[in-house]
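Q: whatever this is, show me its structure:
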Amino acid sequence: MASLATVTLAACGGSGGTTTDTATDSVADTASDLATDTGTDVATDEVEDSISDTGTDVATDEVEDPVSDTGTDVEPDAVPDVVDDVIFDMVSDTGTDVSADEVSDAGADAVTDSVSDADGASTPLLVINEVDYDCVGSDSAEFVEIYNAGTTTALLDGLAVITFNGFDNNEVDRFALSGTLAAGAFFLLASDGVTIPVGVGSISIPNNSIQNGEPDGLALFDIASETIIDALCYEGAMTAVTIAGVPGTFNLLEGTATTAEDSNTSVRSLIRFPDGHDTDNAIDDWSQTTTPTPGVANIP
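A: Model prediction:
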């Protein structure tokens, strides 16, 4: 263990003064330290320090110390500072600056790091993306489109699309999914009259499988965890549906119900636009289009 040393430091003030700091340091850094910074200083160090800094100094040190600094001096200092770490530390930052760090930033910053910040964009994000529940004539061109709006491949095993009848709020049909879905890819549940694009995964569903509204709904459901991944109710709100074999009730409504509707007299479908758009408010997330696009990008 290194012995403690008390050193008197003479420094030339950046704004014309001379200050003297006394630093009591022990262990030399082998990496960048945690910086708790409430000022606007710029640190250009061979080894960064854990300065608690309320001034606006520019520190150009060979090795910086844990000085509590309230002046505007520039401190030439060869004394190693007190640290606990041998790896790069996370910066505790109370500002809103843009940080280019070798580690993640715990502040409210926009961060470009070599170690990624944890966020939803690094995981699969499955949504119900387009629905055609009512067709001109017989319901032989119905489909539900699932889209992976995340950045990694999603596992579909153990998931199901469940349809609900608004008359009694009960489950009507359940269609089990399987396989995987790449980031940015589509998956279809489609009846006989739907043309499946080349390369798009799909399962066949009987004609007239999707309820026609006033209100009705559907959900993408995780069977193992008994949780809804995404849901849509249309032509009204459905806030207490029952799922066979699962206790309790489930809410299919996100925010305010969409006013978009399908039709049996003109070609339409309900879409998210752009693909994957999801604010958890159905009235903003869903619209109707006269150009259904099963398995490809939505068109408003």
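Q: show me where the stretch 201-300 of the chain has strands.
A: Using DSSP state E, counting those that start in this stretch, the strands assigned to the stretch 201-300 of the chain run over residues 201-204, 216-222, 227-234, 269-272, 286-289.
Q: got these as TSV, with distance to residue 240 and mean neighbour count columns?
A: For every residue, glycine as well, the C-beta is placed using N, CA and C. Listed next are these as TSV, based on distance: least, Cβ to Cβ, whole Å; neighbours: other Cβ atoms under 10 Å:
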stretch	distance to residue 240	mean neighbour count
strand 201-204	28	16
strand 216-222	11	23
strand 227-234	11	21
strand 269-272	22	25
strand 286-289	21	18
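Q: and of these, who's closest to residue 242?
A: strand 216-222 (11.6 Å; Cβ to Cβ).
Q: which strands or helices does that closest one pack on?
A: strand 126-132, strand 159-165, strand 227-234 (3 or more Cβ pairs under 8 Å, 6 or more residues apart in numbering; DSSP states H and E).
Q: the residue nearest to residue 200 when sequence neighbours are not counted and residue 284, how far apart?
A: Sequence neighbours aside, residue 295 is the residue nearest to residue 200 in space, at 3.9 Å (criterion: Cβ to Cβ, 6 or more residues apart in numbering). Using Cβ to Cβ, to the nearest Å, residue 295 is found at 24 Å from residue 284.
Q: which of these two has more residues huddled nearby?
A: residue 295 (22 against 14; other Cβ atoms under 10 Å).
Q: confidence score at residue 72?
A: Predicted confidence (pLDDT) for residue 72: 42.
Q: equivalent analysis for residue 213, please.
A: At residue 213, pLDDT is 89.
Q: disregarding residues adjacent in the polypeptide, which is nearest to it?
A: Residue 213 sits nearest to residue 235 (Cβ to Cβ, 6+ apart), 3.6 Å away.
Q: can you find the helix or strand in the protein with the smallest mean pLDDT?
A: The weakest-scoring helix or strand in the chain, judged by mean pLDDT, DSSP states H and E, is strand 110-113 (a mean of 28).
Q: if I look at the residue lying closest to residue 232 once chain neighbours are set aside, how far off is residue 266?
A: Spatially, and ignoring its direct neighbours in sequence, residue 232 is nearest to residue 128 (5.4 Å; Cβ to Cβ, 6+ apart). From residue 128 over to residue 266 the distance is 22 Å, taken as Cβ to Cβ.
Q: so between these two, which is more surrounded?
A: Counted by other Cβ under 10 Å, residue 128 and residue 266 do not tie: residue 128 has more neighbours, with 21 against 8.
Q: ok, residue 150 - how many residues close by?
A: 20.
Q: cool, and residue 209?
A: 21.
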